[in-house]
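Enquirer: I would like the atomic coordinates for the input below:
(chains A and B)
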Amino acid sequence: MATEKKSGAGNRRQFVRTRVPLAERVASVVIVVLLAAIGVAIAIKGKHFNPDLFAVRTDSLKSTAVAVAGKGGTASSATVAAPVPEISSEKKPSAAEEPAPDGGAEPAAAASKPALKNEPLEIALAGIKPMSDTEFYNSDNLYEKIDGRSPAYQSFNVQQLRCRSFSVLAAPGSFVDVYEYRFDSPVDAFGMFALERDPKGRSLDFAADGYSGEMGYFYRQGAVYVQIIASDVKPETLALTKAIAQNRMQDLPADDHGLAGRRKLPADGMLADSVAFVPENAQGQATFKEVFQAKYKFDGAELPFFIMVAPPDDAAKAWQSFQDFCGKFGTTEKLPDVNGAKIFRAQVFGKWKVVYQRAGELGGVFDAADANLARSFIEKYLRGEIK
Amino acid sequence: MSASNSNPSGVNRREFLVRLGVTGALIAGSGLAAKKLWTPNHFVPGFEKEKGLQLKSYAPEISKVMPSLAIAHGTEHEKTIRAAMGLLGGMERFIQRGDVVMIKPNVAFDRPPALAATTHPDALRAVAKLCFEAGASKVIVADNPINSPTGCFFKSGLTAVAAEMNLDLMYPETNSFAPLSLDGEVLKEWTFFNTPFKKANKVIGLAPCKDHNLCHASMTTKNWYGLLGGRRNQFHQHIHSIVSDFALMMKPTLVILDGMNVLMSNGPTGGRLSDVKPMNTIVAGTDMVSVDAYGYSHLLERDIAELTYLHKAQERGLGNINWKDTLYKEVTV
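Expert: Numbers count the residues shown, from 1 in each chain, chains lettered A, B, ... in the order given. This next block holds a predicted model:
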């Protein structure tokens, strides 16, 4: 019997599958079961993150090392080489970098930027043990350590925070936190230090810009603002806190560049907790920059006194400009020169100012209630009787 | 010849029914699997109709006779907190037998307790104790410090209290977060530390009272900031808006402001004992805006007019800044 061909089928034989071999059936079942098993495995694994399955290629992280170095839970400082620029090798300043000639501004070329290194904070002292790795933060990620406090530090150009905690072996449970905030310049470091100054702090014998509180030591050394904070007031903890503070002071390079005004503030009668730094616009004057001021006990009164150091021409212009400014809002009077210094006295809004300029130094008493007292203070200072 | 071979299609009736049954079962199974795997309200950034997590209210029913604000003055945490809670009607008013309570402390920094930058361990101990006395079956303690959580909890002294009181200390982990949706002023969709809320049915905020560099003060409203994940520092640009959003985001069972030792300056981190002033006061209440209003004016001793985020919250009807207009009680122990 001839097979009937369907229209359009040509000479092809119609495929009719009459039987599926057992091997195919088994293979298909195995494949379906495997697919289902893989799906279930993916679903289970996807719900449980296993960090051990992911090896970190540290080379690929080098470009982000600044952001992650030392941060708990990310790449450790030991494995991630920090590509932070090494601005200079840390060294004690040479004589050329030391204080500028009297009355002159410090040469810009003398500015020595501190090194930015991600070196672990090691302290060779008996009785302490590091609790963790050294942590490093830069200006961008500083908030990860101090959150809402970071903008204050950023406003003074903070570059890096290096910190580490040390347990006190003699006092179980006690620890000491070491924070080293490195700024763009010693002036910046001083600015932040002064902003947070404890009015009740006790002066330190090992750091000119420093004080101790009941639980810690705070000082500026070079471009670094150091905070050594104890966990409690146990004698063992406090003793090691002080030892660590002294250790760090010796280890950090001295650098007072830009702080000539600070050094010129006389020590006689100064209220130790009153030193402040005004980076710009001091006394409302655009020309008054990097001004240091402090309060003094003088003949039973408290007198605020400021000093700025600048190139002599700039200082002279600023002095004249300030005199003109005071004349607009009050009365001014030129006083006789003392030891080469020009002086004017002004009364503005009921308060007295006595302002002098001598070479590159500009300073004066402001907001004084007694004009004669203010004048006397300035004249004694200019004659070298207040040191 | 068999029946199958006689059929030109190669499929007999029995085989057809089997195949039909298998196909139907596969379709039904796929449907069930899809239903099981589908996440309702699945969050997809950019698709506004699909919402992320929305927190439920943990607030107690509003009472017209019971105080909503309690102020207690004393020198010891436990006695003073107990007195404040007594004024509110006791912890039993808020916590019932079998409740799982989440306490949200402020553990933002790895500072020792004496510096008053974090919730004091004595405050946590006292509140947890009161919760257990009221019948709580479990107390969870959770916060999301940006810095190392283990370090922050350890140095603030809360790890020790958790161990001592058998509290469930919950650290944030990779899978602890879920996207949150909120119709806030700036907080719309953000990753949120959600795990504790899956387990707790009562929420207590326990915050220190402290100065804050950016928003003037960190108290019970600002405390919820610690539940956000991600790079939350970007909210610093809109700090008053985001803090006022927390009054919308969280409707806690209770908030407690620890004003025993107040960080008066150099906040939120502090660092010096001289920044800390003993004020010997605990403020507890159901309205975080009222609690913070008292804290700002009487503990930080500042002018409430300058605390923008509280005014924003008040304007949005999220609390009462005029705490004297609320039902409040005050006691000295």
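
Enquirer: so where is chain A shaky, pLDDT-wise?
Expert: Confidence mapping of chain A against pLDDT under 70 gives the ranges A:1-10, A:13, A:47-117, A:272-273.

Enquirer: max-length strand in it?
Expert: Criterion DSSP state E: the longest strand present in chain A is strand A:158-168.

Enquirer: Tell me how far that one lies from the chain's centre.
Expert: Remark: strand A:158-168 is offset 12 Å from the chain centroid, using Cα atoms, centre = their mean, to the nearest Å.

Enquirer: So in that sheet, which strands flank it, and in what orientation?
Expert: strand A:128-130 (antiparallel), strand A:135-138 (antiparallel), strand A:175-183 (antiparallel) (DSSP bridges).

Enquirer: what sits up against the last one?
Expert: It stands for strand A:175-183. A:114, A:116, A:121, A:123, A:128, A:131, A:153, A:156-168, A:189, A:192, A:223-231, A:237, A:240-241, A:244, A:248, A:252, B:110, B:112, B:155 (Cβ atoms under 8 Å, 6 or more residues apart in numbering or on different chains). Backbone N, C-alpha and C define where each C-beta goes, glycine included.

Enquirer: Check which residues of the longest strand of chain A are buried.
Expert: Within strand A:158-168, the residues that qualify as buried are A:V158, A:Q159, A:Q160, A:L161, A:R162, A:C163, A:R164, A:S165, A:F166, A:S167, A:V168, counting by 16 or more other Cβ atoms under 10 Å in any protein chain shown.

Enquirer: Need those residues in JSON lines (columns: distance to A:F288).
Expert: Formatted as JSON lines, those follow (distance: Cβ to Cβ, whole Å):
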{"residue": "A:V158", "distance to A:F288": "24"}
{"residue": "A:Q159", "distance to A:F288": "26"}
{"residue": "A:Q160", "distance to A:F288": "30"}
{"residue": "A:L161", "distance to A:F288": "31"}
{"residue": "A:R162", "distance to A:F288": "34"}
{"residue": "A:C163", "distance to A:F288": "35"}
{"residue": "A:R164", "distance to A:F288": "39"}
{"residue": "A:S165", "distance to A:F288": "41"}
{"residue": "A:F166", "distance to A:F288": "43"}
{"residue": "A:S167", "distance to A:F288": "47"}
{"residue": "A:V168", "distance to A:F288": "46"}
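
Enquirer: Tell me which two of those sit farthest apart.
Expert: Farthest apart among the buried residues of strand A:158-168 by Cβ to Cβ are A:Q159 and A:V168. That separation is 29.8 Å.

Enquirer: Let me know how buried A:N339 is, in neighbour terms.
Expert: A:N339 has 11 neighbouring residues, counting by other Cβ atoms under 10 Å in any protein chain shown.

Enquirer: Give me the contact list for stretch A:122-132.
Expert: Contacts for stretch A:122-132 (Cβ under 8 Å, 6+ apart): A:72, A:164-170, A:175-176, A:178, A:236, A:240, A:243-244, A:247-248, B:148, B:151.

Enquirer: in it, what's buried?
Expert: Under 16+ other Cβ under 10 Å, the buried positions of stretch A:122-132 are A:I123, A:I128, A:S132.

Enquirer: Quickly list the domain ranges of the chain.
Expert: As the question left the chain open, I've gone with chain A. By the assignment in automatic domain parsing, chain A contains the domains A:58-90+A:110-251, A:260-382.

Enquirer: my bad, the chain I had in mind was chain B
Expert: B:3-37, B:69-332.

Enquirer: JSON lines for those domains, including mean neighbour count and distance to chain A?
Expert: Putting those into JSON lines (neighbours: other Cβ atoms under 10 Å in any protein chain shown; distance: least, Cβ to the nearest Cβ, whole Å) gives the following:
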{"stretch": "domain B:3-37", "mean neighbour count": "11", "distance to chain A": "5"}
{"stretch": "domain B:69-332", "mean neighbour count": "21", "distance to chain A": "4"}
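
Enquirer: just flag whichever of the ones you listed has the lowest average confidence.
Expert: Among those, domain B:3-37 carries the lowest mean pLDDT, at a mean of 81.

Enquirer: Now do the strands in the stretch 251-387 of chain A.
Expert: Using DSSP state E, counting those that start in this stretch, the strands of the stretch 251-387 of chain A run over residues A:276-278, A:291-298, A:301-309, A:330-338, A:341-348, A:351-358, A:361-368.

Enquirer: Same question for the stretch 1-150 of chain B.
Expert: Using DSSP E, counting those that start in this stretch, strands in the stretch 1-150 of chain B cover B:69-73, B:100-105, B:138-142.

Enquirer: any chance of the ones you listed in JSON lines, plus distance to B:S265?
Expert: Formatted as JSON lines, the strands of the stretch 1-150 of chain B follow (distance: least, Cβ to Cβ, whole Å):
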{"stretch": "strand B:69-73", "distance to B:S265": "22"}
{"stretch": "strand B:100-105", "distance to B:S265": "22"}
{"stretch": "strand B:138-142", "distance to B:S265": "28"}
